[in-house]
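>>> Predicted model and sequence below, questions to follow.
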Amino acid sequence: MAGTFTVTLDLTETPVLLAGGDAEQAEALLAAGARLRVVAPAPGPALAALAEAGRLTLHRRAVLPADLDGVRLCVVALEGAAGEAVAAMARAAGALVSAVAAPPRACRGRASLVGAGPGDPALLTVKAVRALETADVVLYDKLIDPRLLDLAPAAARRIDVGKRCGRHAMSQAAINRLLVAEVRRGGHVVRLKGGDPFVFGRGGEELEALRAAGAAVEVIPGITAALATAARLGLPLTHRGLSRSLHLITAHGREGDVPPHDWRALAAAGGTLAVYMGARTLPRVAEALLAAGMPPATPAIAVENATLPGERRIRRTLADIAAAVAEAAVEGPTLTLIGEVVALAGTEAPAEAARHAA
């Protein structure tokens, strides 16, 4: 029986071939300083992203003898006969061979990316309720109403992943890894996200991670904040003669600053602008729109905690909305609507209006 012996290699600027494998294995080799080429018939999105970023060379096919030219180390992450064939090819080419576990190809469970809506539990969709009722584990954001978690079976595990604009207890990469790990354990994994998973919710990244792991994934939409807020205000987001377009933008970029939107195009569109995650950066958003030519008197309204009992409305114009929001010291999720249709908004929340009418 052949023995094994562990050695340590300095891979700085060393040509290395990864046969098969995943982004995690590639990242480890890159961190060690390797000049990495990867040959994999069906690479996952994360591995492809590393190639697109220029960090490695990727070939989407089976390993060929020419792939081993000049290679000092061949890391084989393929199973069965395919892995044995690549290892033999590498040894014949004079390369060192390291066999590692192939990425798991199949998951025993399934996942649902579920939009929880803007906050009011009554706005959860029927399909979302059914997903929660069959969940074995629920990964939920910080601001999810606890009553939604009660819809899951009593035996279902509930994991707070702590996501909130600007304050994350767990990084997105860590959430992705946890999702994959839970699906591999088996059962039905529900990822419960505020609003809609695909509207500034990074649901696309979670979907990619689950697909790369071979998981079956269902996406259940939720009512996004712009739609819910407009409904609360009695404000049509599009309206004949006032607004023929709707633009959803985020005011919170990768580094916490405002992303480089095409402000001139937004100002010239004459539609309704919904600004997500902009409570802290609203001064820069307003400044950019004004500089791009949007009239200072354009109606604007910021709504904190829309659809919830603590909802607050701050109604001004584009010129002074940022200062008013700062003075109000908002803490909850805040959406700002800008455009001529804002002039059509009601002045009271529906419940308040009904109480006063009585």
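That came in fine, so what should we check first? Residues are numbered from 1 along each chain as shown.

>>> which residues of the stretch 201-350 of the chain fall in strands?
216-220, 246-250, 272-276, 299-304, 312-317, 334-338 (DSSP state E, counting those that start in this stretch).

>>> Most tightly packed of these?
strand 334-338 (a mean of 26; mean count of other CB atoms under 10 Å). For every residue, glycine as well, the C-beta is placed using N, CA and C.

>>> How about residues contacting that strand?
If you take CB atoms under 8 Å, 6 or more residues apart in numbering as the criterion, strand 334-338 is touched by 225-226, 229-230, 233, 235, 237, 272-276, 278-279, 282, 285, 289, 294, 298-306, 318, 321, 325, 345.

>>> Same check on stretch 80-91?
In contact with stretch 80-91 (CB under 8 Å, 6+ apart) are residues 17, 19-20, 62-63, 65, 68, 71, 74, 76-78, 96-97, 99, 102.

>>> Which residue lies nearest the spatial centre of this structure?
The centre of the chain sits closest to Arg202, judged by CA atoms, centre = their mean, with a distance of 1.2 Å.

>>> how close does the nearest residue to that one once chain neighbours are set aside get to Gly20?
Spatial nearest neighbour of Arg202, excluding adjacent residues (CB to CB, 6 or more residues apart in numbering): Gln172 at 5.7 Å. Going from Gln172 to Gly20 by CB to CB, to the nearest Å gives 25 Å.

>>> same question, Gly33
21 Å.

>>> can you check Ala28 too?
14 Å.

>>> more neighbours, these two?
Neighbour count, other CB atoms under 10 Å: between Ala28 and Gly20, Gly20 has more, with 25 against 14.

>>> So the more buried one versus Leu47, what's the distance?
Counting by CB to CB, the gap from Gly20 to Leu47 is 10 Å.

>>> shared neighbours of these two, which are they?
Ala40.

>>> excluding its backbone neighbours, what's nearest Asp12?
One thing to correct before we go on: residue 12 is Thr, not Asp. With CB to CB, 6+ apart, the residue lying closest to Thr12 is Gly33, at 3.7 Å.

>>> Might one say that that neighbour is in contact with Val16?
No. Under the criterion of CB atoms under 8 Å, Gly33 makes no contact with Val16, lying 9.5 Å away.

>>> More neighbours: which of the two?
Applying other CB under 10 Å to Gly33 and Val16 shows that Val16 carries more neighbours, namely 25 against 13.

>>> residues in contact with the nearest residue to Gly310 once chain neighbours are set aside?
Spatial nearest neighbour of Gly310, chain neighbours left out: Gly332 (6.7 Å); criterion: CB to CB, 6+ apart. For Gly332, the contacting residues are 143, 304-305, 308, 310, by CB under 8 Å, 6+ apart.

>>> And those, which of them are buried?
Among the contacts of Gly332, the ones that count as buried by 16 or more other CB atoms under 10 Å are 143, 304-305.

>>> and of the residues you listed, the nearest to Ala215?
Checking the buried ones among the contacts of Gly332 against Ala215 with CB to CB, the nearest one is Leu143 at 25.7 Å.

>>> So that closest one: helix, strand or coil?
coil (DSSP: H, G, I helix; E, B strand; the rest coil).

>>> I'd like the distance between it and Gly115.
Distance from Leu143 to Gly115, by CB to CB: 13 Å.

>>> likewise Val199?
8 Å.

>>> With Val38 instead?
35 Å.

>>> So what sits opposite Val16 in the bridge?
Leu36, Leu73 (DSSP bridges).

>>> Check it and give its pLDDT.
At Val16, the pLDDT value in this model is 95.

>>> do the one 3 residues further on as well
At Ala19, the model reports a pLDDT of 93.

>>> Check for me that it belongs to a strand.
Yes. Counting by three-state DSSP, Ala19 is part of a strand.

>>> That one contacts Leu73, correct?
No. Between Ala19 and Leu73 there is no contact under CB under 8 Å: 11.2 Å.

>>> between the two, which one's more packed in?
Ala19 (28 against 19).

>>> Which residues are in contact with that one?
With CB under 8 Å, 6+ apart, Ala19 has these contacts: 38-40, 63, 74-78, 83, 86.

>>> Show the end-to-end separation of stretch 15-35, please.
5 Å (CA to CA, to the nearest Å).

>>> Going by neighbour count, which residues in it are buried?
So, applying 16+ other CB under 10 Å, buried residues of stretch 15-35: 15-23, 25-27, 29-30, 34-35.
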